[in-house]
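S.K.: this is a predicted model, with the sequence first.
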Amino acid sequence: MKTIEELNKIRAEKRIELDLRKNTNADTREKHILVCQGTGCTSSKSPQILENFKKIIEEKGIQNVRVIKTGCFGLCAKGPIVIIRPEDTFYAMVTPDDCEEIIQSHIVEGKVVERLLCKDIDGTKVTKLDDLTFYKKQKRIALKNCGVINPEDIDEYIAFDGYRALARVLVEMNSDEVIETIEKSGLRGRGGAGFPTGKKWRATRDAKGDKKYVVCNADEGDPGAFMDRSILEGDPHAVLEAMEIAGYAVGAEKGYIYVRAEYPIAVHRLQIAIDQAREYGILGKNIFGTNFSFDIEIRLGAGAFVCGEETALLESIEGRRGQPRVKPPYPAQSGLWGCPTLINNVETYANIAQIILKGADWYSSIGTATSKGTKVFALGGNVNNVGLVEVPMGTTLREIVFDIGGGIPNGREFKAAQTGGPSGGCIPKEHLDTPIDYESLKEIGSMMGSGGLIVMDDTKCMVCLAKFYLQFTVSESCGKCTPCRIGTKRMLEILERLCSGEGEEYDIYRLEKLAANIKKASICGLGQSAPNPVISTMKYFREEFRQHAIEKECKAMECKALSRIEIDEDQCKACGLCQRNCPVNAIEGEGREKRHINQDKCIKCMTCIRSCPFHAIG
Amino acid sequence: MVNLKIDDKKVCVPEGTTILDAAKQAGIDIPTLCFLKDINEVGDCRMCIVEVEGRRGFATSCIQTVEEGMVVHTHTPNVLEARHAILDLIISNHSKDCLTCTRSGNCELQDLAIKFNVLDIEFKGERTEHKIDDKSPSIVRDFNKCILCRRCVATCKNVQNIGAIDCIERGFESCISTTYDHSLNDVNCTFCGQCIESCPTGALHEKENINDVWAKLKDPDTYVVVQTAPSIRVALGEEFGMEIGTNVTGKMVSALKRLGFDKVFDTNTGADFTIMEEATEFVKRFKENDNLPMTTSCCPGWVRFAEMEYPENLPHLSSCKSPHQMFGAIIKSYYAEKNNIDPSKIYVVSVMPCIAKKYEGKREEMEVNGLRDVDAVITTRELARMIKQANIEFDKLEDEVFDNPMGEATGAGAIFGVTGGVMEAALRTAYELITGEELQKLEFEDVRGAKGIKKATVKIGDKEIKVAVAHGLGNARKIMEEIKNGTADYSFVEVMACPGGCIMGGGQPIKNSKTRMTVDVRAKRAASMYSIDERSTIRKSHENPILKQIYKEYIGNPGEHKAHELLHTHYKPMEEYRI
């Protein structure tokens, strides 16, 4: 059992030892080789890289060099990532075979391995992580320890102020003061809907009940979203600490983390963190010698998207089929086993300790009038820098996509971005300069959601996009209520008809009518927001829907049944390249003849378009 | 009390009242589909949605409770459009073969389609296709007609405490099924049929045996005898528009005779045999303290439940066959012999309020000397269908009486159909068997009524006998647990699988959700049963003259050799279904 004094001692000692992690001028002869062990880099052999480094260092008998596993650095597109501290050298796309060279050249000879440096958007090679445009506009609060500490070592967490907020809360603050601080900070739920966190804490605290629970919703399920996973993998103690603070504030002694079983690394590190915290007495009875006791258990989700919905999540924890309950009553009034229950999302919790330590005023100074702090986005799709970014609320979509994200690859045009996953909507070009916060996104027909941000270029068909999200919802609907179970299926069928050329003009009206009724009549957030991707694409790209329905044409040429590839005879120079590349011999014409496409044979693979040097095909 | 406004009407209701209930009290009807009062209050179908001022989206009136100052609108254009769309969606995934559906005319989905004037399906599309499960002798599941209201699931899980069915798969593929998607025949289903009573559509129904019966009625070489269970007569009339609980004994007998049955007998007589045997068995076991408490065994759903889930408790069950099985055995032995009929030419049809009886009739133990006790079991609903098929105007029939001599029964036999009735009938006989004195007050009020488990202490001579009555398998399980862990201090326990007893059996006329919300169907049918008992001249089974005669001429003493051969059975554990 640790006392606060012992905690302070660990922090003081470890902070000096780990100074080089954050200070490029650290006065040390040590070097730390940080190897990303997030899911993305892990799938690109980063555990092998970690092992190789260790082996080589041992074989060569190199002193003062430590190899550290860390969580995600964010720039997943360039993974596996290796960073060497204190000099902050950033090596991208490292393979296990590169380890030898990095050790020999960088560590032994002191020469940076030029070929492994990361190229910035403008093509220049960047040596330091902080110099990358990707990181320049970011502000890391929730992700502050990701890529900095070893998530499997509680001492490293403590070194960077870990569990200090908990200690402060337990010794210096009462429940009211904690809740007031959270309220004043303006923090809102990062799971999607943006409900004021402090208000939720207060409602749970004020609810009658001898037993209360604190739950962490780590059932991240939006396609392309991995914010919560990265936090759990990179900084699990931040979530534990926040849950304890929440438990103290609302009067709970037991917490559950509901995490997807598909996140094995996150689950593994969470369990290590819980075990270490228990060993230190930071979880368990009479924490820091106070009256406060708290413990946390992990509950694994079995892969149902709907279990991210808070009441379905509760059902699942209780051992039943994951299906939502009708609200009200809200979980704050009647949650787990009928007891008042506080449910927050991983990212929400990741902000708590910082708010306690730095104060509500500090936090509320970041962001916009109604949305405070930062938001983590999982940036994906047709964007150069695919990865995890954390920006202050109010940052524009343009800044995220073009400055941080490095713009659209292959010289294509930006068409739209999808936020909020299957519950959100698309944002077209004309709204690129909208500052991102809860209200403004809602105003333009999208939503913050949990933070998935998928960029689409001009080769994307918006009817197909709507269809994609509907497919997701249809397969993830729990089947409890009629509008979601059958309604979304019918919407999908209409979209499928439109994409295959079997649609009719009236289908657009049917879609609208269904969408409106499903939104209003479904039980839970999943159903109520399921039509959003359709509604927003219809709002901004109605002409595309009309073209699909009436003219049977898909201009983006994504709908194979509706696209027709033709060769412009004026532009064709009869070079024959298209003909040689066509996999089905659909292109006819010989010698100096202009080529043309036999539509009966064409499979619309678009190889000819890509191979034509004169842009004569389209 | 909470004050609110519904459709401009001021309403004042107790706290905790649902919007649906409050509206009902104000005389405002809100359509429902998945709602089944006290059993399934989940808000799944979304038909009962209403608008509440100041609230985003719709409120779910069947579960959300009233709040002070609430302003509710139950049929705004918005609400009506949404309900219509929801109904359209449900029907778009429904088989729609109403003309050939057993529930046509008594289908809650059909009622709504008529009410909402659904003439075309706007949102057509793929339908989920399911194979029909008709493997069991009792029940048929046709999930092409299922609307996923889950009333059956709630009934099976929460009322009966069995949980044989639940939702599997998800989204559009969701369907109600069993463990590993097995047939109901091969899981822990007890065939109580309460799910059928809960089903708003034709997705669940009994395995029909009408055609088997018609075929035998047409065959001049077969001597077709029909017997009707005690509770049929208080429910059959409902299928012809009569008041719930109307006693239609005379019309029923008359209709059966017109259908062409050679003899129409009363299972109540069979019930008197059961009492003779069961009371005798009880007295013996009580004296010898042999496997007490002894439980009744006349309910096949209960027996199947015990065999599947409590095989260790099987010695506690009485070895008596159920009334209609006893009666079938006597018809094919005593009656055949007495009337010079070749028993192999006799075809016994039982009209039962129960679908588990269909399974019971097919159990291998239920035969004597190679002759099945009972050849076909049809439910009250099936009998009504036969009467309708024969174009008989039921309400215009003259009253007729059961054929003698096997049609004579006592009031004790009559109340078999209601929870507590078997116990009461048995006590009347046991009292006189033990004391040799005449029982003065015949009514045992403590074992009557709707309470799930009723306990009573009865003084017989110098002995106090503790008894218990449980109805509904959820309550039966409680008793079984007590027996298992040795805390059951009763000597005699009556169990019926269906809540309310046979009058509420799985083969009885189906009452829709609205009726069940407003009328106490159980109480009405029960009252009718008790009044039959009250009006009977003989109210104790052992005083039934035909019984006395048959025991004297043919069987000998109750519980002895011949009685055992004809009237008793045995049980076998079915642990393979234990979950």
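M.R.: Yes, it's here. Predicted model, so just to flag it, every value in this text is computed and none were measured.

S.K.: chain A contacts on the stretch 101-250 of chain B?
M.R.: Selection of the stretch 101-250 of chain B residues close to chain A by CB under 8 Å from any CB of the partner chain yields B:122-123, B:125-126, B:148, B:166-167, B:169-174. C-beta coordinates here come from the backbone N, C-alpha and C atoms, glycine included.

S.K.: repeat that with 10 Å
M.R.: Within reach of chain A by CB under 10 Å from any CB of the partner chain, the stretch 101-250 of chain B has these residues: B:122-128, B:147-150, B:166-175.

S.K.: what sits against A:Cys582?
M.R.: With contacts defined as CB atoms under 10 Å, 6 or more residues apart in numbering or on different chains, the neighbours of A:Cys582 are A:Glu588, A:Arg595, A:Ile597, A:Asn598, A:Lys601, A:Cys602, A:Ile603, A:Cys605, A:Thr607, A:Cys608, A:Ser611.

S.K.: ok, A:Gly449 next?
M.R.: Residues touching A:Gly449, when contacts are defined by CB under 10 Å, 6+ apart, comprise A:190-194, A:222, A:225, A:377, A:418-425, A:441, A:529, A:532.

S.K.: any idea which helix or strand comes after the helix or strand hosting B:Lys358?
M.R.: Using DSSP states H and E, B:Lys358 sits within helix B:356-361. Downstream of helix B:356-361, the first helix or strand assigned by DSSP H and E is strand B:367-368.

S.K.: quickly run through the sheet partners of that next one, with directions.
M.R.: strand B:371-372 (antiparallel) (DSSP bridges).

S.K.: any idea of the mean pLDDT in the strand it pairs with?
M.R.: Strand B:371-372 shows an average pLDDT of 96 in the prediction.

S.K.: what lies in contact with it?
M.R.: Contacts with strand B:371-372, where a contact means CB under 10 Å, 6+ apart, come from B:325, B:328-329, B:331-333, B:336, B:343-344, B:346-348, B:361-364, B:366.

S.K.: any of those buried? List them.
M.R.: Neighbour-count burial (16 or more other CB atoms under 10 Å in any protein chain shown) applied to the contacts of strand B:371-372 gives B:325, B:328-329, B:331-333, B:336, B:343, B:346-348, B:361-363, B:366.

S.K.: circling back to that earlier point, just the ones of the contacts of A:Gly449 in helices?
M.R.: A:Leu441, A:Ser529, A:Asn532 (DSSP state H).

S.K.: of all residues in chain B, which one is closest to chain A?
M.R.: Among the residues of chain B, B:Ser174 lies nearest to chain A; the distance is 2.9 Å by CB to the nearest CB.

S.K.: tell me the pLDDT at that residue?
M.R.: Looking at B:Ser174, its pLDDT is 94.

S.K.: which parts of the stretch 401-550 of chain B sit against chain A?
M.R.: Taking CB under 10 Å from any CB as the contact definition, the stretch 401-550 of chain B does not meet chain A anywhere.

S.K.: quick one, strands of the stretch 401-550 of chain B?
M.R.: Per DSSP state E, counting those that start in this stretch, the stretch 401-550 of chain B has strands spanning B:453-460, B:463-471, B:492-496. These are given in chain order.

S.K.: do you know which of those strands lies nearest A:Leu514?
M.R.: Comparison of the strands of the stretch 401-550 of chain B against A:Leu514 by CB to CB identifies strand B:463-471 as nearest, at 45.6 Å.

S.K.: got the domain boundaries for the chain?
M.R.: In the absence of a named chain, chain A is used. Following automatic domain parsing, one finds the domains of chain A at A:18-135, A:154-364, A:394-562, A:564-618.

S.K.: was after chain B, sorry
M.R.: According to automatic domain parsing, the domains of chain B span B:2-91, B:125-206, B:210-577.

S.K.: so which of the buried ones among the contacts of strand B:371-372 reach chain A?
M.R.: Those of those which are also neighbours of chain A - as judged by CB under 10 Å from any CB - do not exist.

S.K.: narrow the residues you listed to those in helices?
M.R.: B:Gln325, B:Gly328, B:Ala329, B:Ala336, B:Gly361.

S.K.: which of those residues lies closest to A:Lys137?
M.R.: Ranked by distance to A:Lys137 (CB to CB), those are led by B:Gly361 at 79.3 Å.

S.K.: in this structure the closest one contacts B:Gly328, no?
M.R.: Yes - counting by CB atoms under 10 Å, B:Gly361 sits close enough to B:Gly328 to count as a contact (8.3 Å).

S.K.: which residues do these two both contact?
M.R.: Counting by CB under 10 Å, 6+ apart, the common neighbours of B:Gly361 and B:Gly328 are B:Ser322, B:Val348, B:Val349, B:Ser350, B:Arg372, B:Asp373, B:Val374, B:Asp375.
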